[in-house]
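**Q** sequence plus the predicted model coming up.
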Amino acid sequence: MEDHILLGIDVGGTAIKGALIDVAKGEQLTERLRLATPQPAVPASMGLVVNEIVKEFKWEGKPIGCGFPSIVKNGVACSAANIDKSWIGTSIEKEFSGATGCPVFAVNDADAAGIASIHFGDGKGVGGTVILITIGSGLGSALFYDGQLVPNTELGHLYLGGRIAEHYASAKARERDGLSWKEWGKRFNKYLRHLERLFSPDLFLLGGGGSNKFDEFADRLDIHTPVKPDRLFNRAGLIGAAHYARLQMQKGKNQK
Ligand code: BGC
């Protein structure tokens with residue numbers, strides 16, 4: 001297989017997804033395989049699921065880009081909001097590489113979506129401050145200035161009305177509280193308004209599963225900054241994770 005094709009994996013609190021990605025074109029080449037995240041979401045059992053995806057795509061021994069729902073520094077998970085706390089201090093790269101026999105390059109999941117958007121999606125060529133928010137089990141964030149990523153911003157963990165924003169305005173919070181997307185949209189608007197005050201962004205982009213519902217909540221958004229769902233929708237996480245791995249390999253970084 002050509003070297004511009006990589007396996008992208010997107011680890012979430014609810015599901016672990018995988019697809020082959022053409023990182024030269026920023027395109028998903030296969031259907032997305034979606035398997036439930038084991039509960040408790042501990043390293044060993046998640047490694048087994050990642051290995052199932054590797055086997056399904058016959059990807060043994062070849063490189064993987066992995067978006068992961070935590071602060072990721074040098075391949076190590078440094079937080080664990082929607083996964084088991086035993087991940088903190090664990091090398092995602094070593095854990096998944098041990099489980100699969102593949103070299104693994106790990107990046108925060110929202111940063112991965114942002115990387116895809118900036119290279120192939122609606123963030124491409126946009127100057128100034130761009131913030132991409134992923135709407136899923138948590139609220140993920142990717143912050144760019146003139147196309148440069150500031151990694152691990154974790155803006156879903158800002159305080160909003162005395163609580164952690166993602167506990168109030170994620171897709172999981174919507175389900176928990178039995179809200180329609182329209183009702184939830186009012187909450188999300190408060191969150192975006194807070195980000196607008198803090199960062200004066202030029203553009204908000206949306207990703208993750210909830211971005212597919214944009215039409216249902218768009219009329220609840222009442223802020224000055226333009227907001228649009230990235231055209232890559234929930235493919236961004238996989239595309240960006242694979243692209244991140246390619247960029248790391250091009251820099252000569254070796255995992256494993
Ligand atoms: C995590 C972030 C992640 C986001 C989306 C948050 O709970 O802290 O690291 O990007 O969820 O998965």
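**A** Looks like it came in fine.
**Q** how about the residues of the stretch 151-256 of the chain near the ligand?
**A** By C-beta under 6 Å from any ligand atom, the part of the stretch 151-256 of the chain that sits against the ligand consists of Glu154, Gly156, Glu166. For every residue, glycine as well, the C-beta is placed using N, CA and C.
**Q** in the protein, where's the longest helix?
**A** Determined from DSSP state H, the single longest helix within the chain is helix 181-199.
**Q** what number of residues lie near the residue of the stretch 51-200 of the chain found nearest the ligand?
**A** Closest approach between the stretch 51-200 of the chain and the ligand, counting by C-beta to the nearest ligand atom: Gly138, at 2.5 Å. Neighbour count for Gly138, taken as other C-beta atoms under 10 Å: 28.
**Q** surely it is in contact with Gly156?
**A** Yes. Between Gly138 and Gly156 a contact is recorded at 5.2 Å, counting by C-beta atoms under 8 Å.
**Q** and the gap between Gln28 and Glu216?
**A** 24 Å (C-beta to C-beta, to the nearest Å).
**Q** these two: which is more packed in?
**A** Neighbour count, other C-beta under 10 Å: between Gln28 and Glu216, Gln28 has more, with 18 against 14.
**Q** what pairs with that one across the strands?
**A** Ile21 (DSSP bridges).
**Q** which parts of the stretch 1-150 of the chain are helices?
**A** Remark: helices assigned in the stretch 1-150 of the chain by DSSP state H, counting those that start in this stretch are 43-56, 92-100, 109-120.
**Q** would you mind putting the CA coordinates of the longest one into CSV?
**A** By that I understand helix 43-56. Output in CSV follows, covering the C-alpha atoms of helix 43-56 (Å, rounded to 0.1, in the frame of the first residue of the first chain):
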residue,chain,number,x,y,z
PRO,A,43,-5.8,0.8,28.6
ALA,A,44,-5.6,-3.0,28.1
SER,A,45,-9.3,-3.5,27.0
MET,A,46,-9.1,-0.5,24.7
GLY,A,47,-6.0,-1.9,23.1
LEU,A,48,-7.9,-5.0,22.3
VAL,A,49,-10.5,-3.0,20.5
VAL,A,50,-7.9,-1.0,18.5
ASN,A,51,-6.3,-4.3,17.6
GLU,A,52,-9.7,-5.6,16.2
ILE,A,53,-9.8,-2.5,14.0
VAL,A,54,-6.3,-3.2,12.8
LYS,A,55,-7.2,-6.8,12.0
GLU,A,56,-10.4,-5.8,10.1
